[in-house]
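Enquirer: Need a 3D model of the following:
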Amino acid sequence: MNKLFIIHYYPIDYFPPVMNLIDALENKVDISASTLQKSNTLAEYSSKRARIYRRFKENKKRGSLFVLAQYILFSLFTLFQLIRQKPDVVLYYESISAFPAYLYKHFISRKVKLCIHYHEYMAPSEYDRPGMRLAKVNHKFEISYLYRMATWISQTNEYRREFFMQDYPDVPKVSCSLLPNYPPKKWFRKEKQHTNEVVKCVYVGSLSLKDTYVLEFCQWIAEQHGKIQFDIYSFNFHKDTLDAIEKLQCPYIEFHKEGIKYSEIPNLLDRYDVGVLLYKAQVMNVKYCETNKFYEYLVSGLDVWYPKEMTLLHEMDKSVFTPQIVEMDITQGLFPNVELSPRKVDNSSYDKFSERVYEHFMHTIQT
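Expert: Numbers count the residues shown, from 1 in each chain. Alright, predicted model coming up:
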């Protein structure tokens, strides 16, 4: 594999696994990527060697006709770049990115290797949800053509791969693969000193009152009267979420509305004891989610607290990790013991890194 072309409709700046893949492979393969330009002020991801085409800007508040027109233009621009670059492999992410890959594979280059990856597991019925029209149309191209032609179709864990194969039994099993969401090796902390005077918790990621237990967790923090400090870093949240947290007027909770640049997260996590996950896990996709934040906390030596609704984390063997991984039953008011016990965590056994995963991907599709 000499040339890899990535198609990722939504801005890759919001998706750490894509950035990690580019970083891991940019010195080993010629990489080009087509994506939208983000609309917020979060720092833009850049690569030393990869060519990243951002010709159009995401527009979350525009009408459906505008979105359709922009999608067609994005697809044609991406097709033009594919013809120009003549890649050996095309990798597209999610059904929403499938159309230009379909055009290129079906009409221009039958020889190109086609790879597909899904950040999220999507049950067939979920394509009928509001706002999924483009993805649903693209999914028809996947079922009728792309799945048969793909060399590689991956989910992020074994559970999701099994769900996918049950949904589409005609897809060749040999093409169904895994591509987990692990952080890069440069994040690794061999040991972690937990010596803070109070327990310092952190949450990094998107937030909403509907999909996360952030309000319930913050209410519990307020009841601890200073035993715990809780910092939130999120640029993607609903206003009612921020209003609800600010209404608590808790001096031990700080909401950083500007979020944080992905490359700065490792140094940020050095300041904390616990990384928190707060998903309510109301759908299969989240119940069986190994979110990249889980491993980002672990690679940094942090303990992890997570809701019991995250079924995959409940069922996995957590004894292989040195940091403490604690289940919370938030609906029943069962939270971890917060008595401070200073200790040193020997994290040297941690071995789940993005470089290993993406180098395996590259080796597999070369053979």
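
Enquirer: Can you pull out the residues in contact with stretch 110-128?
Expert: 1, 15, 17, 87-95, 98, 101, 104-105, 132, 135-136, 139, 142, 146-147, 149-156, 160, 163-164, 167, 179, 284-285, 288, 365 (C-beta atoms under 8 Å, 6 or more residues apart in numbering). C-betas here are computed from N, CA, C, even on glycine.

Enquirer: quick check: mean pLDDT across it?
Expert: In this model, stretch 110-128 has a mean pLDDT of 96.

Enquirer: Same check on stretch 343-361?
Expert: On average, stretch 343-361 scores 95.

Enquirer: For it, buried residues please.
Expert: Neighbour-count burial for stretch 343-361 flags V345, N347, Y350, K352, F353, S354, E355, V357, Y358, F361 (criterion: 16 or more other C-beta atoms under 10 Å).

Enquirer: For it, which outside residues touch it?
Expert: Against stretch 343-361 from outside (C-beta under 8 Å, 6+ apart): 17, 20-21, 23-25, 28, 152, 154, 177, 179-185, 188-194, 295, 298-299, 301, 320-323.

Enquirer: same check, this time on stretch 296-304
Expert: 182-183, 187-189, 191-192, 194, 202, 204, 265-266, 269-270, 272-277, 294, 321-326, 345, 347, 350, 352-353.

Enquirer: Please list only the buried members of those residues.
Expert: 182-183, 187-189, 192, 194, 202, 204, 265-266, 269, 272-277, 294, 321-325, 345, 347, 350, 352-353.

Enquirer: Next step: those residues restricted to helices.
Expert: With helices taken from DSSP state H, the overlap with the buried ones among the contacts of stretch 296-304 comprises I265, P266, L269, F294.

Enquirer: Can I get the host helix or strand of E355 as CSV, trimmed to CA atoms?
Expert: Following DSSP states H and E, one finds E355 within helix 354-366. Coordinates of the C-alpha atoms in helix 354-366 are reproduced here as CSV (Å, rounded to 0.1, in the frame of the first residue of the first chain):
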residue,chain,number,x,y,z
SER,A,354,-3.2,3.2,18.5
GLU,A,355,0.1,2.7,16.6
ARG,A,356,-0.1,-1.1,17.0
VAL,A,357,-3.7,-1.2,15.8
TYR,A,358,-3.2,0.9,12.7
GLU,A,359,0.1,-0.7,11.7
HIS,A,360,-1.8,-4.1,11.9
PHE,A,361,-4.5,-2.5,9.7
MET,A,362,-2.0,-1.5,7.2
HIS,A,363,-0.2,-4.8,7.2
THR,A,364,-3.5,-6.7,6.8
ILE,A,365,-4.7,-4.9,3.7
GLN,A,366,-1.3,-5.1,2.1
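
Enquirer: I31 belongs to a strand, doesn't it?
Expert: Yes: membership of I31 in a strand is supported by DSSP: H, G, I helix; E, B strand; the rest coil.

Enquirer: So what pairs up with it in the strands?
Expert: On the basis of DSSP bridges, I31 is bridged to L4.

Enquirer: where's it relative to V338, distance?
Expert: 45 Å (C-beta to C-beta, to the nearest Å).

Enquirer: If you count surrounding residues, which of the two has more?
Expert: Between I31 and V338, counted using other C-beta atoms under 10 Å, the more crowded position is I31 (24 against 14).
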